[in-house]
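> What shape does this take:
(chains A, B and C)
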Amino acid sequence: MIYEVFRQERKGQAFQHAGSVEAADERFAESYAREQYGRRGESVALWVVARNSIMRIDEFVDELNRNYHRVDGYPLKEKLKEARERAGTAAPRDR
Amino acid sequence: MNQREQEFLDYVQGGGQVETDDWMPDEYRARLRKFIEMHGNSELMGVLPEREWILRAPTLQRKLALTAKVQDEVGHAQLIYRVVEDLGKTREECLDDLISGKSKFHNVFHYPTKTWGDVGVIAWLVDAAAIISQKALLKCSYAPYARIMKKICWEESFHILHGRDVILTLMNGTDDQRELVQEALDRWWGPLMQFHGNPIPTDDDPMFIWRIKSQGNDEARQQFLDGYVPQIWELGLTVPDPELGKDEETGRWHYTEPDWDELMSVVTGHGPKTEDRLDLRRAARENSAWVRSVLLAA
Amino acid sequence: MSERAQLLLEIADDELILGWRDSEWTGIAPFLEEDVAFSSIAQNEVGHARALYELAARDLDTTADELAFDREPSEYRCSELVELRLPEWERTIARHVLYEQADAERLERLKASDDPEVAGLAAKIDREEVYHRLHAEMWHARLQDEPRYAEALEELRPFVGKRNGHSPELTSLWEEMTSVRRSQPTGTTW
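Reported below is the predicted structural model:
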């Protein structure tokens, strides 16, 4: 059975996918993950999980351009220029 | 090439990365898998010339370092064969083809190791030649392979230092010890010069075209010479090639053309130790087949 | 030779020779993941031997390497169990299981020693041995129903703690282990 291994390099960092080991059961998987991804002290922690327990999602739809909830949906340059002209003020860096 | 394949080619040539479940042209997948499989085979076979010397290491430190180095190589084989398996060929299938001679492994692992001098020269120079190729693979268009190369390169960093330490200790030792190094270097120089392969222009090299490799053979060899010939000469060692030298104007090394016939003969299974080593792999595999059955069964 | 030095040499020699035997599997173990794991065990054993030799070396005014390599085979204090050449996986695991049990008991006694250096080193070694024991138990659980493994346990059990002589295999092991070192005069640096 294939077990995927995720490693944390230093405390506080995200766990990242490191690779996989083939093992007969969880005990062997633990032993082998420990060796392949920790024998040099290169990880402070590992997550080991059977590959078939992992769900992969890689298709995302955005057919109708939902930029209302993203930063790129808010181009404000023109509106700000107009508002400053109306108030007779200049942009902070022009003074 | 159809349009989808052309788009893929443009994508990888533009630096695009490919994951395991992405669509790939058949040619790309086939060449990729064969290349990676040969790398796995090489790590697995590379273990055999070195492991005997673990038992003969003359100090506790050397014994520990050499065991760790060979362990890394086995670990690399594990990483690499996992990548091959995710591309559709199982580890058992790879071992079948390796043992039958159907698939290949790098030239240097077909040669004997005769003395402790070989141990030093291999760790210092053969590993150096390999690391140059491996660093170029960090940019491989196939991302799972590029990722394992990162771990491999990181682990290899101590191998070269260990090799250099062994060599420097010998060179600072007795006349006999210095002779061990020179004699080993004399034997290994030919295979080292052949290691990076014949000088195919990158435009004609499918590995480069698909961005599986990001460096041509000749460039790799020049990099090796530039890095390591000065290290060899500064110890008072000689290289058995009267033509070896650097053109200071162009910055290119010139040398006697390596024996490409020898390289072809060796990698197709006619090296001095090819048969013995494949026999050893076959025997080890047969003797432990019952272990794998027991683990699969339960 | 002091009692402490004798005791340290006994354990160091066990660990060195067992580590040497276990490293025979590096590169040819039953499968790759196990090869990597078992190789760490072999390295730890040699590492333990080194630490123990270093302690004994201070008592004996010598060095760890000289103790490890420059004695005659008859001067080693290891048990016959670790000297045996066992190229079959079931016999190697059987030895591993038997050795770890005996060693665990030995380490418990040493951790209780009045000598703080011995007790301290024993505690450090014991913390590493936890993983060796887990590994041995893991394999024992998988193999215990296999007849060849059960036979191997019975074959090797009498050798545990057998220290009244040496197996003939120790001599050839020693010759190979010291072949490079003996090719140059004593005191040569490697």
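> For chain C, what's the nearest residue on chain A?
Residue nearest to chain C within chain A: residue A:32 (4.0 Å; C-beta to the nearest C-beta). C-beta coordinates here come from the backbone N, C-alpha and C atoms, glycine included.
> Can you list the buried residues in whichever strand or helix holds that residue?
In this assignment (DSSP states H and E), residue A:32 forms part of helix A:26-38. Using 16 or more other C-beta atoms under 10 Å in any protein chain shown as the test for burial, helix A:26-38 gives A:27, A:28, A:29, A:30, A:31, A:32, A:33, A:34, A:35, A:36, A:37, A:38.
> Test my guess that the second one contacts residue C:138.
The reference is to residue A:28. Yes. The criterion here is C-beta atoms under 8 Å, and residue A:28 meets it with residue C:138 at 6.4 Å.
> contacting residues for the residue of chain C found nearest chain A?
Chain A sits closest to residue C:33 of chain C, with a gap of 4.0 Å, by C-beta to the nearest C-beta. Going by C-beta atoms under 8 Å, 6 or more residues apart in numbering or on different chains, residue C:33 touches A:21, A:22, A:23, A:28, A:32, A:35, A:36, B:78.
> mind running it again at 10 Å?
A:3, A:21-24, A:28-29, A:31-33, A:35-36, B:74-75, B:78, B:82 (C-beta atoms under 10 Å, 6 or more residues apart in numbering or on different chains).
> And residue C:165, by the same measure?
Residues counted as contacts of residue C:165 (C-beta under 10 Å, 6+ apart) are C:74, C:80.
> Equivalent analysis for residue A:7, please.
Taking C-beta under 10 Å, 6+ apart, we find residue A:7 in contact with A:13, A:15-19, A:33, A:36-38, A:42-48.
> just the buried members of those?
Counted by 16+ other C-beta under 10 Å, these give A:18, A:19, A:33, A:36, A:37, A:38, A:43, A:46, A:48 as buried.
> ok, the third one - contacts?
For residue A:33, the contact set (C-beta under 10 Å, 6+ apart) comprises A:3-7, A:18-21, A:23, A:43, A:46-49, C:33.
> Among the residues you listed, which ones are in strands?
Among the contacts of residue A:33, DSSP state E puts A:3-7, A:18-21, A:46-49 in strands.
> Same list, the residues you listed, but as a markdown table with pLDDT and distance to residue B:259 please.
A markdown table is the format used below for the ones in strands among the contacts of residue A:33 (pLDDT from 0 to 100; distance: C-beta to C-beta, whole Å):
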| residue | pLDDT | distance to residue B:259 |
| --- | --- | --- |
| A:3 | 97 | 45 |
| A:4 | 97 | 45 |
| A:5 | 97 | 43 |
| A:6 | 97 | 47 |
| A:7 | 96 | 44 |
| A:18 | 95 | 41 |
| A:19 | 95 | 38 |
| A:20 | 96 | 40 |
| A:21 | 97 | 41 |
| A:46 | 97 | 47 |
| A:47 | 97 | 50 |
| A:48 | 98 | 48 |
| A:49 | 97 | 50 |
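> ok, those vs residue B:205, which is closest?
Distance to residue B:205 across the ones in strands among the contacts of residue A:33 (C-beta to C-beta) is lowest for residue A:19, with 28.4 Å.
> Just confirm that closest one contacts residue B:144, I think it does.
Yes. With contacts counted by C-beta atoms under 10 Å, residue A:19 reaches residue B:144, the gap being 8.8 Å.
> what's the overlap in contacts for these two?
Common neighbours of residue A:19 and residue B:144, using C-beta under 10 Å, 6+ apart, are B:79, B:82, B:83.
> near chain C, which of those residues show up?
By C-beta under 10 Å from any C-beta of the partner chain, the members of the shared contacts of residue A:19 and residue B:144 lying near chain C are B:79, B:82.
> where does chain C dip in pLDDT?
Across chain C, nothing is flagged by pLDDT under 70.
> Quick check: residues of it near chain A?
Applying C-beta under 10 Å from any C-beta, we find that chain C lies next to chain A at C:31-41, C:43, C:131, C:134-135, C:137-139, C:141-142.
> Which of those fall within helices?
C:32-41, C:43, C:131, C:134-135, C:137-139, C:141-142 (DSSP state H).
> As a check, name the ranges of all helices in chain C.
Counting by DSSP H, the segments of chain C that form helices are C:3-22, C:32-60, C:64-69, C:80-83, C:89-111, C:116-143, C:147-156, C:169-178.
> Buried ones in stretch B:24-41, by neighbour count?
Within stretch B:24-41, the residues scored as buried using 16+ other C-beta under 10 Å are B:24-25, B:28, B:31-33, B:35-41.
> wait, I meant stretch B:179-193
Per 16+ other C-beta under 10 Å, stretch B:179-193 contains these buried residues: B:180, B:181, B:182, B:184, B:185, B:187, B:188, B:189, B:190, B:191, B:192, B:193.
> Spatially central residue in chain A, please.
Nearest to the geometric centre of chain A sits residue A:14, at 8.2 Å (C-alpha atoms, centre = their mean).
> helix, strand or coil for that residue?
The assignment at residue A:14 comes out as coil when based on DSSP: H, G, I helix; E, B strand; the rest coil.
> cool, and residue B:261?
For residue B:261, the assignment made with three-state DSSP gives helix.
> That one: neighbour count?
8 (other C-beta atoms under 10 Å in any protein chain shown).
> How about the contacts made by it?
The contact partners of residue B:261, by C-beta under 10 Å, 6+ apart, come to none.
> next one: residue C:103
Shown here is residue C:103, whose contacts under the criterion C-beta under 10 Å, 6+ apart are C:11, C:14, C:15, C:18, C:45, C:48, C:125, C:126, C:129, C:132, C:133, C:160.
> Can I get those in JSON lines including neighbour count?
Listed next are the contacts of residue C:103 as JSON lines, based on neighbours: other C-beta atoms under 10 Å in any protein chain shown:
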{"residue": "C:11", "neighbour count": "24"}
{"residue": "C:14", "neighbour count": "26"}
{"residue": "C:15", "neighbour count": "25"}
{"residue": "C:18", "neighbour count": "25"}
{"residue": "C:45", "neighbour count": "27"}
{"residue": "C:48", "neighbour count": "25"}
{"residue": "C:125", "neighbour count": "21"}
{"residue": "C:126", "neighbour count": "17"}
{"residue": "C:129", "neighbour count": "20"}
{"residue": "C:132", "neighbour count": "19"}
{"residue": "C:133", "neighbour count": "16"}
{"residue": "C:160", "neighbour count": "16"}
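> can you redo those residues as a markdown table with distance to residue B:271?
Shown next, in a markdown table, are the contacts of residue C:103 (distance: C-beta to C-beta, whole Å):
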| residue | distance to residue B:271 |
| --- | --- |
| C:11 | 44 |
| C:14 | 40 |
| C:15 | 38 |
| C:18 | 35 |
| C:45 | 34 |
| C:48 | 39 |
| C:125 | 43 |
| C:126 | 47 |
| C:129 | 42 |
| C:132 | 38 |
| C:133 | 43 |
| C:160 | 44 |
